[in-house]
Structures are given as structure tokens and as C-alpha cells.
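Undergrad: following is a predicted model, sequence given first.
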Amino acid sequence: MLRSMYAGISGMKGFQTKLDVVGNNIANVNTVGFKKGRTTFQDMMSQPVTGASAPTNIRGGINPSQVGTGVQLGTIDNIHTQGNRQTTQRPLDLQLEGDGMFVFGTGLVYNENELTYTDGDGNEFDADAASGLDFAQTNISYSRAGNMYLDDEGYIVNANGQYLIGKTDVMAGAASTTNTDPTNFQSDGIVDNIYGRIQIPGDAESFSIQGNGKVTYILNGQTMEAGQIMLAKFSNPGGLNKTGSNMFQDSVNAGQLARISTDVDVNADGEIIIDPQEENVDMTFLFEPESNGTASIVAGALEMSNVDLSEEFTEMITAQRGFQANTRIITTSDEILQELVNLKR
């Protein structure tokens, strides 16, 4: 009898968690870039009453008899399906159409392995091998929310003030004055593939963001490129950790597609040598939009929440009735126990 009561309690706890997830989904029905949650359940360990027996010459086999002990929470999944498009006509509102996530940083991306390159003038710089980055995981976050803004210095940021990470091409002479991240230096002194913040000058006449992520602006009648927005793509986006404010962070089970390990060396001519057979340096690669199966960027639109209210209300009714049914198990078990107590009268 006590077993049935504890089974009912486990059911109440499980459906309460389901209601919590459904309530969070409904609360975020209009949250830009929100990805809904889903609850699944598993049965708990069963207690054997009689074991199984094999068939003999005179009678057949007997199946095991087991009594279940209740239900437990299986998973709370993040469902990363595409949300609907909301057109805003605002140039800094960006929607991702397809796979991938925007990359944001609260600080500068740094080169954890401290690889350096010495140019012809003897100046030493951080070198980022083969356009790879070692991200500080505490500083890097990912999001589908594309409502961007410009700060007072012209850098593209999100609503939380985190910088949108991209790639820029700058001449070596500007390296000392450009506030950027690890760089790749070619033998002729050219700095290429600088990953960091994307800045639009305050005196720019206009700017635009293309589907492939290129950010351009017009200054003095000339079209200039401010940078290239980069996207992160995960083979298992459901493995990302939700951190609030529409942000996700990497986890050991997110399965970033381009995470590889290579051995990096620099020869006497300053050329970076990569040996893919070695596994010394863990580098995370980012992708340009519309490449390697990543999304295209739609400027002037936002990706809305993928929550379906009709589906959530149905799930809410299911959870409510399931909770009520489990309370009946407890009250019925209590009534039977009361009858047993009354036998002594």
C-alpha cells in the first residue's frame, strides 16, 4: 500500500516539472530567438515478485512478475526548430534562416596557447593558427536572438551589451591601433583573419548586412567592409546550456562540428605549420553564413519563439490531468489504509 502512495508522489513530482516547463514555454511565447523545452519521463526500478522460469518438457515457461515503483524525469530537451519570421525593416535586426548561432563575447577572444609571430620589424604578435580560435568559454556565448545595436563606439552588440564576434581584414600597419583579437600574419606583413568586434564608423553615411554576413558601410561615397559575421554550428544544439538572456554556452555534449585538434609550429620563415596527426592544440572554427551548411542572414527581420500555444495548452491539460490522477492514487491508498485501521474497532 505504501508503494502505491510513493508511486503517486513520484507522478505528482514529474507532472509538476512538466507544468514548470510548459509554463516557461508559454511565458516566452513572444521572446525573440527562444527555443522551447520538452519533458520526457522514464519508469523507475521495478520490484520483482516472482522470477522467470524456462520451459520444461511438461510445462511452458513463466514470465517474471514485477511491480513498478513510479515514474522519474527522463530528460528536459531544448527543441531547436526554426521560429517564425517577424519583419521589422530595422537594419540591425538579423534573422538566421537555417542552422547556426550568432557568437557573442563579453571580453576579447584570446589565444590560450600563446602562439606568437615575429614580423620583419621584430614586432611580436599573437598568432591564431589556421584561422582557428581558442575561445575563453566563460566569455563566449551563443544565441539565435538577432536584435543588434550599436554602442557609443560603433561596435555591434546585443541587448546585453555583448560584442558580436566576426572577422575583419586589416593591414599590418593598423594592427597596433586596432582593438582586436588573435591574428594571422602572412610573410609579407599583412594581417588577415582578425576575429573580434565589428565596428561601423560613426560618420558612416549608411550600412548594410548581407545574407552571407558581410557588414558594409558607405563613407565619403565609397563602399567599405566593416567585417564578416561568423556563425557557430553544432551537431547537437540540444546539448547547449541555457544561461538566460536568450544565451547559450557550449557543453561537452554540444558536438561543435569544427572542433579539431592539431599540432601547431612556426618555422624559421614565420610560416605556421599544422600537423593534423598530432593532438596538442584544441581550436574552435567558426563559419561564414551560407557556407558549410550554415544559415543565411536576413536583415530587417527577427526569428520569433518556436513555441506553439495550441500545443502548449494541450500539454498543460495533459500535465494537469496527470497530476490529478496521481493525487487520486494517494487519496485512494489513504482510504484503504484507514479501512485497515478501522478493522481493530
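TA: Thanks, I have it.

Undergrad: quick one, helices of the stretch 1-150 of the chain?
TA: 2-27 (DSSP state H, counting those that start in this stretch).

Undergrad: nope, the stretch 151-300 of the chain is what I meant
TA: Listed in chain order (using DSSP H, counting those that start in this stretch), the stretch 151-300 of the chain turns out to have no helices.

Undergrad: nearest spatial neighbour of Gly211, skipping sequence neighbours?
TA: With C-beta to C-beta, 6 or more residues apart in numbering as the measure, Ser296 is the residue that lies nearest to Gly211, at 4.4 Å, once sequence neighbours are left out. Quick note: C-beta positions are derived from backbone N, CA and C, even for glycine.

Undergrad: do the same with Ser206
TA: Of all residues beyond its chain neighbours, the one nearest Ser206 is Ile218 (5.1 Å), with distances taken as C-beta to C-beta, 6+ apart.

Undergrad: thought that neighbour was touching Asp203?
TA: No. Between Ile218 and Asp203 there is no contact, the gap being 10.6 Å when judged by C-beta atoms under 8 Å.

Undergrad: quick revisit: so what's the residue nearest to Ser206 bridging to?
TA: Listed by DSSP bridges, the beta-bridge partners for Ile218 are Ser206, Thr223.

Undergrad: over to Thr50?
TA: Ser65.

Undergrad: next up, the contacts around it.
TA: Ile62, Pro64, Ser65 (C-beta atoms under 8 Å, 6 or more residues apart in numbering).

Undergrad: can you list these in a markdown table and add pLDDT?
TA: Supplementary listing: those in a markdown table, determined by pLDDT from 0 to 100:
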| residue | pLDDT |
| --- | --- |
| Ile62 | 89 |
| Pro64 | 90 |
| Ser65 | 91 |
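
Undergrad: more crowded one of Ile218 and Asp203?
TA: The neighbour comparison of Ile218 against Asp203 (other C-beta atoms under 10 Å) goes to Ile218, with 13 against 9.

Undergrad: on the pLDDT front, check that one for me.
TA: At Ile218, the predicted lDDT confidence score is 93.

Undergrad: distance of it from Glu205?
TA: Counting by C-beta to C-beta, to the nearest Å, the gap from Ile218 to Glu205 is 5 Å.

Undergrad: need the phi and psi values for Thr331.
TA: In terms of degrees, to the nearest 10, the main-chain angles of Thr331 are phi -70, psi -40.

Undergrad: what sits against it?
TA: For Thr331, counting by C-beta under 8 Å, 6+ apart, there are no contacting residues.

Undergrad: could you rerun that using 10 Å?
TA: With C-beta atoms under 10 Å, 6 or more residues apart in numbering as the criterion, the residues that contact Thr331 are Met5, Gly8.

Undergrad: per-domain residue ranges of this structure.
TA: For the chain, whose domains are defined here by automatic domain parsing, the residue ranges read 2-49+66-80+307-342, 85-303.

Undergrad: out of these, which one sits most buried?
TA: Of all the domains of the chain, domain 85-303 carries the top mean neighbour count, a mean of 17, counting by mean count of other C-beta atoms under 10 Å.

Undergrad: so where is the chain shaky, pLDDT-wise?
TA: Counting by pLDDT under 70, the chain shows low-confidence ranges at 1, 107-138, 169-194, 256-285, 345.

Undergrad: as JSON lines, the domains of the chain with distance to Thr56 would be great.
TA: Putting the domains of the chain into JSON lines (distance: least, C-beta to C-beta, whole Å) gives the following:
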{"stretch": "domain 2-49+66-80+307-342", "distance to Thr56": "21"}
{"stretch": "domain 85-303", "distance to Thr56": "48"}
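
Undergrad: any idea how far Asn306 is from Ala319?
TA: Distance of Ala319 to Asn306, given as C-beta to C-beta: 20 Å.

Undergrad: now do Val29
TA: The value you get for Val29 to Asn306, if C-beta to C-beta is used, is 10 Å.

Undergrad: got any residues that touch both of the two?
TA: By C-beta under 10 Å, 6+ apart, Val29 and Asn306 have these common neighbours: Lys36.

Undergrad: quick one, the helix or strand containing Leu337 and helix 2-27 angle?
TA: Here Leu337 sits within helix 309-342, counting by DSSP states H and E. In terms of direction (axes from the mean of the first three to the mean of the last three C-alpha atoms, to 10 degrees), helix 309-342 departs from helix 2-27 by 160 degrees.

Undergrad: report the distance from helix 309-342 to the chain centre.
TA: The gap between the average C-alpha position of helix 309-342 and the chain average comes to 36 Å, counting by C-alpha atoms, centre = their mean, to the nearest Å.

Undergrad: circling back to that earlier point, determine which of the domains of the chain approaches Asn57 most closely.
TA: Asn57 lies closest to domain 2-49+66-80+307-342 among the domains of the chain, at 26.0 Å (C-beta to C-beta).

Undergrad: gap between the two ends of that closest one?
TA: Across its full length, domain 2-49+66-80+307-342 reaches 17 Å between end residues, using C-alpha to C-alpha, to the nearest Å.
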